[in-house]
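>>> what shape does this take:
(chains A, B and C)
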Amino acid sequence: MSEQLIEKVMSEVMKKIGDSQPEAEKKELESSVCFKGNNLTEFVGTAIGDTVGLVIANVDRGLHEFMKLDPKYRSIGIIGARTGAGPHIMAADEAVKATNTEIISIELPRDTKGGAGHGCLILFGAEDVSDAKRAVEVCLKELDRTFGDVYGNSAGHIELQYTARASHACNVAFGAPVGKSFGVIVGAPAAIGVLCADTAVKAANVEIIGYSSPSTTSYSNESILLISGDSGAVRQAVLAAKEVGVSLLETLGNEKAPSSTTPYI
Amino acid sequence: MSEQLIEKVMSEVMKKIGDSQPEAEKKELESSVCFKGNNLTEFVGTAIGDTVGLVIANVDRGLHEFMKLDPKYRSIGIIGARTGAGPHIMAADEAVKATNTEIISIELPRDTKGGAGHGCLILFGAEDVSDAKRAVEVCLKELDRTFGDVYGNSAGHIELQYTARASHACNVAFGAPVGKSFGVIVGAPAAIGVLCADTAVKAANVEIIGYSSPSTTSYSNESILLISGDSGAVRQAVLAAKEVGVSLLETLGNEKAPSSTTPYI
Amino acid sequence: MSEQLIEKVMSEVMKKIGDSQPEAEKKELESSVCFKGNNLTEFVGTAIGDTVGLVIANVDRGLHEFMKLDPKYRSIGIIGARTGAGPHIMAADEAVKATNTEIISIELPRDTKGGAGHGCLILFGAEDVSDAKRAVEVCLKELDRTFGDVYGNSAGHIELQYTARASHACNVAFGAPVGKSFGVIVGAPAAIGVLCADTAVKAANVEIIGYSSPSTTSYSNESILLISGDSGAVRQAVLAAKEVGVSLLETLGNEKAPSSTTPYI
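As a prediction, this is how the structure comes out:
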């Protein structure tokens, strides 16, 4: 009977430990935008990927110069994250479409908390702080969607992005032709990204806008393909890359590579 | 009664697990300098942040050239860490003040073991090995203090540094004017660092010495502000940035961001 | 008796937790090449260090240009990993010796999943896909050996590589003279690597081919020494560095730093 008791306790304990760990992992990519929790007037909200959204109504003039900001922007919106750059750039693309702001700069730290990719630092410029704030809000809200085709497991990640009409953020970050359909294909480790890229361009008649590998992308372990063209073709190319990439990632990691939120493409 | 027993066991087990995890995390930043543990004559000691201090009495002449060392330094002191660069540079600053050594080079790998910041590699040059060793010892001992205003949680970190009188290491690493009061403000993720920087320069009348973002600082996920000026003003600016930064970090990480050791500013 | 019971349960639970953690760590560096698990014709296999081997029979012409590949290579072999660059370059060296392929490019992302070093992306070029595939297979199979002198613990790693006769991959990646004995000495954190380098060149009469530190090697926290010369001397230098490096790493991490597989030097 004591043996039985031990087994029972053990099973409860292991359940508790097992339960708590996925929770901890999920925490990094929890898909909920939060606009509460801090009383600073500069605080806008938080979102998936340890993303924080901030706003500065009047950037200090001295700092303005050191940050090399265009003097016409008194106000800036700030989006930064530990995990994710593509999702944030696509979200920022929607934000500039929807507001009277421009992209000042997009930087890609090597991060993802031990993962294979980037974090990000995106600055929006505006003449009025309400515009900057609105852009940050839109960006935070879009992230649940734009993380939808980020598939990951312990071995790496596959990221797909697609828009029917690229705007200013995609242009600044990726050189995407404004107004045209545009897609991003990321594979990590970079070897998988190479095959994703080849698969994509063979799957549909698209134009290659750019290709990056570790030495040209902040030393992340990613290969990145950027494509433009007919909307249907871009989407088809992206989806073909996804199938191959996720399949390889699952083989390499020997575990499923689920979507971070809900696929949108 | 068996239910009661299980609960009792469970609570003890969970306590044990709970206890052991902070321990593991603290391990990376344990605040004890250790000058024992290795019989190599080149070994000086270890400290917080996986820091190791070493000394070479006579650097091999061939290697000397490949390392591009000034021929006048026969001996070098070596400080390296997985976690931390600012604390080590400030500690090295005290070390050069206290000894007959000079800073040869300061390099900032992208590290912190999956965190958002840097590790470091700092070389002291000396004509005599005893000077080099003394510099490394002083540096190791200062680290407990200089980690005092590093505040961290799972979302990132805020680092503040302040000295009433900058010396050679701050000059080499940051361009700080020697002999003047100097402060460093780091926020990670970089978005938080931007707001810290703006807050600091608005809080007191200080001179901006430099500003770095991910693309100019080894792709870490940090924004860094360097300030100089009147001692009281620098301190005030640094403390204003700390308040905002730690508050945002705690909101983002949804947990406290305690000091790594004991605040000194 | 209930106390006794609790102790018994506790000990079983803690054992279970203790057991499961090394397992998780080992998972990243499990030493088994696997040529199964994916039906894609481009998939070749997986190996230690989250390594994946792939092959593309006919790289898309448009992508070919963006990847800046020599037009003469229709087929490419791809080796990529999250953890390890030296082991993969040494393995690739054997692969080019054994097959009709050439090294197209070797890139070193900053990775190792939160560790101090690199991952890699290596491309083999071939006119025929069977050659490319063979190169990838040889490379994957060599990895168990070339990870043999990678010693690691939570504080960092020491990596030694040695070949009696360097070939094309060592030449492309490290500038090693083809046909001559060649050695690689890596220490992480970089401070330990500096001492390893000095120890190596003092231990035997070898020629220094190169020396890298964090700012010249993708911001990894490593110092790297490359040596050439008489076969016995190179081996002696490498082994002297190993002794010092592993000893320091074990002191710093306060735990053993075992080989990833089985030492080969």
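>>> check the secondary structure at residue A:112 for me.
Here residue A:112 takes the coil state, with states given by DSSP: H, G, I helix; E, B strand; the rest coil.
>>> apart from its chain neighbours, what residue comes closest to it?
Nearest residue to residue A:112, sequence neighbours excluded (CB to CB, 6 or more residues apart in numbering or on different chains): residue A:83, at 4.8 Å. All C-beta spots, glycine's among them, are computed from the backbone N, C-alpha and C.
>>> thought residue A:103 was touching residue A:169?
Yes. Counting by CB atoms under 8 Å, residue A:103 does reach residue A:169; the two are 5.0 Å apart.
>>> follow-up on the earlier one: wasn't the residue nearest to residue A:112 part of a strand?
No. Assessed with three-state DSSP, residue A:83 is coil; it does not lie in a strand.
>>> re the thing from before, out of residue A:103 and residue A:169, which sits in the busier spot?
Using other CB atoms under 10 Å in any protein chain shown as the criterion, residue A:103 and residue A:169 rank with residue A:169 on top: 26 against 23.
>>> which other helices and strands does the helix or strand hosting the more buried one contact?
In this structure, residue A:169 sits in helix A:168-174 according to DSSP states H and E. Here helix A:168-174 touches helix A:86-98, strand A:102-107, strand A:181-188, going by 3 or more CB pairs under 8 Å, 6 or more residues apart in numbering or on different chains; DSSP states H and E.
>>> dump the residue contacts of the residue of the stretch 51-200 of chain A found nearest chain B.
For the stretch 51-200 of chain A, the residue closest to chain B is residue A:80, as judged by CB to the nearest CB, at 2.4 Å. For residue A:80, the contacting residues are A:51-52, A:54, A:119-122, B:189-192, B:194, B:221, by CB atoms under 8 Å, 6 or more residues apart in numbering or on different chains.
>>> could you list the domains of chain A?
Annotated domains of chain A cover A:31-147, A:150-265 [automatic domain parsing].
>>> tell me the mean pLDDT for the first one?
In this model, domain A:31-147 carries a mean pLDDT of 95.
>>> could I get the full set of strands for chain A?
A:43-47, A:51-56, A:75-81, A:102-107, A:120-126, A:150-153, A:156-163, A:181-188, A:207-212, A:223-229 (DSSP state E).
>>> which one of those strands lies nearest to residue B:202?
strand A:51-56 (9.7 Å; CB to CB).
>>> now that closest one against strand A:75-81, angle please.
Calculated by axes from the mean of the first three to the mean of the last three CA atoms, to 10 degrees, strand A:51-56 forms an angle of 160 degrees with strand A:75-81.
>>> parallel or antiparallel, which strands does strand A:51-56 pair with?
strand A:43-47 (antiparallel), strand A:75-81 (antiparallel) (DSSP bridges).
>>> in the stretch 101-250 of chain A, what residue lies closest to chain C?
residue A:191 (2.3 Å).
>>> which residues are in contact with that residue?
When contacts are counted by CB under 8 Å, 6+ apart, residue A:191 touches A:223, C:52-54, C:78-81, C:121.
>>> max pairwise distance over these: which two?
Spatial extent of these (CB to CB) is set by the pair A:223 and C:53 at 15.2 Å.
>>> neighbours of the closest residue to residue A:245 other than its chain neighbours, how many?
If the residues on either side of it in the chain are set aside, residue A:245 comes closest to residue A:158, at 3.8 Å by CB to CB, 6+ apart. Using other CB under 10 Å, residue A:158 is surrounded by 29 other residues.
>>> partner residues bridging residue A:158?
residue A:151, residue A:187.
>>> okay, it and residue B:107: tell me how far apart.
Noted for residue A:158: a distance of 34 Å to residue B:107, by CB to CB, to the nearest Å.
>>> does residue A:249 really touch residue A:196, like I thought?
No. Counting by CB under 8 Å, residue A:249 sits too far from residue A:196 to count as a contact (9.8 Å).
>>> what do these two both touch?
Common contacts of residue A:249 and residue A:196 (CB under 8 Å, 6+ apart): A:158, A:187.
>>> for the two, indicate the residue with more neighbours.
With neighbours defined as other CB under 10 Å, residue A:249 and residue A:196 compare such that residue A:196 has more, 31 against 26.
>>> quick one, what contacts the more buried one?
Contact analysis of residue A:196 by CB under 8 Å, 6+ apart lists A:158, A:185-187, A:223, A:225, A:241-242, A:244-245.
>>> of the residues you listed, closest to residue A:234?
For these, the minimum distance to residue A:234 (CB to CB) is 10.1 Å, reached by residue A:185.
>>> and the closest one, what does it touch?
Contacts of residue A:185 (CB under 8 Å, 6+ apart): A:159-160, A:193, A:196-197, A:200, A:224-227, A:237-238, A:241, A:245.
>>> try it again with 10 Å
A:86, A:149, A:158-162, A:193, A:196-197, A:199-201, A:211, A:223-227, A:237-238, A:240-242, A:245 (CB atoms under 10 Å, 6 or more residues apart in numbering or on different chains).
>>> I'd like the average pLDDT over the helix holding residue A:169.
Average pLDDT, helix A:168-174: 95.
>>> export it as CSV, just CAs?
The C-alpha trace of helix A:168-174 is given here as CSV (Å, rounded to 0.1, in the frame of the first residue of the first chain):
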residue,chain,number,x,y,z
HIS,A,168,6.5,51.6,-46.2
ALA,A,169,7.8,49.3,-43.5
CYS,A,170,8.3,46.4,-46.0
ASN,A,171,10.0,48.8,-48.3
VAL,A,172,12.4,50.2,-45.6
ALA,A,173,13.2,46.8,-44.1
PHE,A,174,13.2,44.6,-47.2
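>>> which residues touch residue A:182?
A:90, A:93, A:161-167, A:170-171, A:174-176, A:206-207, A:209, A:226-229, A:231, A:234, A:238.
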